[in-house]
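> Give me coordinates for this.
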Amino acid sequence: MARVFLLLALCVLPALARAARPGRNPFVVQGSVYCDTCLAGFETSKTTYIAGAKVRLECRDRKTQDLVYSKEGTTDSAGKYSMTVDEDHKDQICDCMLVSSPRKDCKSPSAGRDRARVILTNNNGLVSTTRYANSMGFMAARPMSGCTELLRLYQEYED
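Sure, this is the predicted structure:
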């Protein structure tokens, strides 16, 4: 009888412990990295996307600004990255940021486009666990041909 009770306890207790533990719902952070080929400060029709660019996700304590989480990723052939984050970062401030570009002609991070804030908690009403970071960009060393005409078109639409 004691053996049956022991066997039952060994089978049932792990199942109960697993059921009591909240399930993991990992987040997926996605974004893209581009080269601002026209030095416009934003994506244009002449923008190219950078394969092999390094990005980092950092989460900091809201009060102390201490780094509590960091993960690096690399863009694919289309300039897109995807990182899985297992933890809920509740009240932490999380940013994706540029680390490096493999392109010698496009290495300087674009001011204002070098990081993107992401919210990594389930306590915000969002159903999906996929989080989309704004595109981040590097500036080209020199504008490519045709940029002057393109930027002139944007000004015509603005007037």
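
> Helices of this structure, start to end?
2-20, 147-158 (DSSP state H).

> Out of those helices, which gets the lowest mean score?
Ranked by mean pLDDT, the helices of the chain end with helix 2-20 at the bottom, a mean of 54.

> Longest strand in this protein, by number of residues?
Counting by DSSP state E, the longest strand found in the chain is strand 27-36.

> ok, now which ones touch residue 50?
Applying CB atoms under 8 Å, 6 or more residues apart in numbering, we find residue 50 in contact with 33, 34, 35, 75, 79, 101, 102, 103, 106, 138. Placement of C-beta: from N, CA and C, glycine included.

> nope, residue 129 is what I was after
Contacts of residue 129 by CB under 8 Å, 6+ apart are 25, 26, 27, 28, 122.

> so which pair among the residues you listed is furthest apart in space?
28 and 122 (13.2 Å; CB to CB).

> the strands in the protein, which residues?
Using DSSP E, strands in the chain cover 27-36, 48-49, 54-60, 67-74, 80-85, 93-100, 108-109, 115-118, 130-132, 136-139.
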